[in-house]
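# what's the 3D shape of this:
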Amino acid sequence: MAALIWLLIPLMAAIGAGLWGSWANRTRKVRGDGPELDGYARFREAMERSRPST
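A predicted model of the protein is given here:
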């Protein structure tokens with residue numbers, strides 16, 4: 001009986017890991033690249049303004 005319990009421990013750990021993995025990789029709401037691209041455009045504009053003219 002004790003050997004059966006020792007075999008159930010890794011089984012429960014595997015089931016828990018599978019549940020956690022499916023939860024961690026769940027489909028999230030996709031917001032697209034809009035905000036990131038807007039921020040990058042503002043960054044480029046700021047870098048162009050701060051560049052010393054030669």
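# Quick check: phi and psi at Asn25.
phi -100, psi 20 (degrees, to the nearest 10).
# All the helices of the chain, residue numbers only.
2-24, 34-50 (DSSP state H).
# how about TSV for those, with mean neighbour count added?
(Each C-beta comes from the backbone N, C-alpha and C, glycine too.) Below are the helices of the chain laid out as TSV (neighbours: other CB atoms under 10 Å):
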stretch	mean neighbour count
helix 2-24	9
helix 34-50	9
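# would you turn those helices into TSV with mean pLDDT?
Shown next, in TSV, are the helices of the chain (pLDDT from 0 to 100):
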stretch	mean pLDDT
helix 2-24	94
helix 34-50	89
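# Next one: Ile9 relative to Asp33, how far apart?
For Ile9, the distance to Asp33 equals 45 Å [CB to CB, to the nearest Å].
# Please disregard the earlier target; I meant Pro10.
Counting by CB to CB - Pro10 and Asp33 are separated by 42 Å.
# for Leu4, same thing?
53 Å.
# Ok, Ala14 next?
Distance, Ala14 to Asp33, using CB to CB: 37 Å.
# How about the contacts made by Ala46?
By CB atoms under 8 Å, 6 or more residues apart in numbering, Ala46 lies in contact with nothing.
# What separation is there between it and Asn25?
36 Å.
# Kindly report the same for Trp6.
From Trp6 across to Asn25, the span is 30 Å (CB to CB).
# How far away from the center of its chain is stretch 12-32?
Relative to the mean C-alpha coordinate of its chain, stretch 12-32 is positioned 11 Å out (CA atoms, centre = their mean, to the nearest Å).
# Now tell me what touches it from outside.
Nothing outside stretch 12-32 qualifies as a contact, by CB under 8 Å, 6+ apart.
# Please report how far Arg44 lies from Ala2.
From Arg44 to Ala2 the distance is 66 Å (CB to CB).
# next one: Arg49
73 Å.
# again with Tyr40
As defined by CB to CB, Tyr40 lies at a distance of 60 Å from Ala2.
# Also Asp38?
Using CB to CB, we find Asp38 at a distance of 62 Å from Ala2.
# Over to Trp20?
Distance of Trp20 to Ala2, given as CB to CB: 28 Å.
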